[in-house]
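Visitor: Dropping a prediction and its sequence here:
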Amino acid sequence: MRAMLLDRPGAPLREGTLPRPVPGPGQVLLDVLACGVCRTDLHVADGELPDPKLPLVLGHEIVGRIAELGKDARRFKVGDRVGVPWLGWTDGVCAYCRSGRENLCDRARFTGYQLDGGYAENTVADERYCFPIPETYGDVAAAPLLCAGLIGWRSLMAAGKAERVGLYGFGAAGHLVAQVARHQGRRVFAFTRAGDVNTQTFARELGAEWVGASEERPPEPLDAAILFAPVGALVPQALRAVAKGGTVVCAGIHMSPIPSFPYDILWGERTVRSVANLTRQDGEEFFQFLSRAPIRTETEALPLARATEALDRLRRGGSLRGAFVLTPG
Ligand SMILES: [Zn+2]
Ligand SMILES: [Zn+2]
């Protein structure tokens, strides 16, 4: 099978050929239909996350059709279309797994990081961590739901009942969370790079009632802020924008250092927290929500061979709209 391979962090991806993987017990073999490009892929490719499997097939927003079932794999049939997310395996026995927090499992393995992912014609996945994909979504349109959508969902849940929600960084995840938040009756405030008129227009189209630069104060205090941009300097800025009791949620897996800040911007029971990975329950709840409230994903499809270009463009600021999705066909 053709695959785009990361030989070592910092190197461009190499187009190569690997033997088609064989599904082990409880696994399914997929023909990859589409695979989204996530900022985490960039952090792995650039060496900002430690100890990836090498050589590695990146990609954890996989939409695929089941081509073969491993021994004892019974959850799906050949021909079913499923999604494979970042969480690829957990041990099921550690204290985190036993308390409904498998996203924090000590021995978790992640797709496109410790397990080969979807920048390829085929991949294998543990069937227990796959999700059925709603039929209303095409292959390319569904791909960003599997990480940008899911992590965005978990981040919004971490913001609790917040009514006024600020989104810092309005890209792959932000444009999905904005729609979920609006559907739940929340008010959305979008923060972008100063002068990024295209993104600000996009945010307004998706229901943001106010858009501005990250350095600006919103017209009224927020109840929560979600940071999708991996920029530590945004943490004190967001803390200054939230009201007493408000939460600042850091949604990324990697962030530049957070500058020190005076205690009085945290005082008043403000919270700063991160969101790590996802649980299968997040996925079930998110896809149930989508079946009641379809949200629109904005994508730009590129052939698999152009994966390095997609990563370069994401590093420079991303697509004008939404997310890049690779298609092997
Ligand atoms: Zn565990
Ligand atoms: Zn991701």
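Guide: Happy to help now that I have it. Ligands and ions are numbered 1, 2, ... in the order given.
Visitor: what does the chain put close to ligand 1?
Guide: Within the chain, the positions adjacent to ligand 1 are 90-91, 94, 97, 105 by Cβ under 5 Å from the ion. Using the backbone N, CA and C atoms, a C-beta is placed for each residue, glycine as well.
Visitor: and with 6 Å instead?
Guide: 90-91, 94, 96-97, 102, 105-107 (Cβ under 6 Å from the ion).
Visitor: can you list contacts of the top helix by length along the chain?
Guide: Criterion DSSP state H: the longest helix present in the chain is helix 280-292. Residues outside helix 280-292 that contact it (Cβ atoms under 8 Å, 6 or more residues apart in numbering): 85, 87, 100, 102-103, 128-129, 131-132, 134, 145, 149-150, 153-154, 157, 180.
Visitor: Derive a PyMOL selection command for the buried subset of the residues of the chain next to ligand 1.
Guide: The PyMOL command for the buried members of these (criterion: 16 or more other Cβ atoms under 10 Å) is given here:
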select buried, resi 90+94+96+97+102+105
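Visitor: Strands of the stretch 101-250 of the chain, residue ranges please.
Guide: 109-110, 122-126, 131-132, 164-168, 187-192, 210-213, 222-227, 242-250 (DSSP state E, counting those that start in this stretch).
Visitor: just the helices in the stretch 101-250 of the chain please.
Guide: Secondary structure of the stretch 101-250 of the chain by DSSP state H, counting those that start in this stretch: the helices cover 139-142, 148-158, 174-183, 197-205, 234-241.
Visitor: Ok, which of those helices comes nearest Thr40?
Guide: helix 148-158 (9.0 Å; Cβ to Cβ).
Visitor: re the thing from before, so which of the strands of the stretch 101-250 of the chain gets nearest Val63?
Guide: Nearest of the strands of the stretch 101-250 of the chain (Cβ to Cβ): strand 131-132, 10.0 Å.
Visitor: average model confidence for the closest one?
Guide: The average pLDDT within strand 131-132 is 94.
Visitor: Kindly report the same for stretch 79-93.
Guide: Across stretch 79-93, pLDDT averages out at 97.
Visitor: Next, the contact list for Thr263, please.
Guide: Heads up, residue 263 is Tyr, not Thr. Counting by Cβ under 8 Å, 6+ apart, Tyr263 has no contacts.
Visitor: Quick one, grab the pLDDT at it.
Guide: The model reports Tyr263 with a pLDDT of 98.
Visitor: Can you name the residue of the stretch 151-300 of the chain nearest ligand 2?
Guide: As assessed by Cβ to the ion, ligand 2 sits closest to Ile151 within the stretch 151-300 of the chain, at 6.3 Å.
Visitor: What of the stretch 51-200 of the chain?
Guide: Cys147 (3.1 Å).
Visitor: show me what contacts Pro85?
Guide: Listed by Cβ under 8 Å, 6+ apart, the contact partners of Pro85 are 60-61, 111, 129, 131, 146-147, 150, 278, 283.
Visitor: and the gap between it and Glu269?
Guide: 33 Å (Cβ to Cβ, to the nearest Å).
Visitor: how about low-confidence regions in the stretch 101-250 of the chain?
Guide: Counting by pLDDT under 70, the stretch 101-250 of the chain shows no low-confidence range.
Visitor: Please work out how many residues are found near Asp51.
Guide: Using other Cβ atoms under 10 Å, Asp51 has 8 other residues around it.
Visitor: Reduced to three states, what does it come out as?
Guide: When classified by DSSP: H, G, I helix; E, B strand; the rest coil, Asp51 comes out as coil.
Visitor: so Val248 touches Gly232, yeah?
Guide: No. With contact defined as Cβ atoms under 8 Å, Val248 does not reach Gly232; the gap is 11.7 Å.
Visitor: Neighbour count: the two, which is higher?
Guide: Applying other Cβ under 10 Å to Val248 and Gly232 shows that Val248 carries more neighbours, namely 28 against 14.
Visitor: Same list (the residues of the chain next to ligand 1) but as TSV, adding distance to Gly212.
Guide: Compiled in TSV, those are given as follows (distance: Cβ to Cβ, whole Å):
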residue	distance to Gly212
Thr90	40
Asp91	44
Cys94	43
Tyr96	38
Cys97	41
Glu102	37
Cys105	39
Asp106	41
Arg107	43
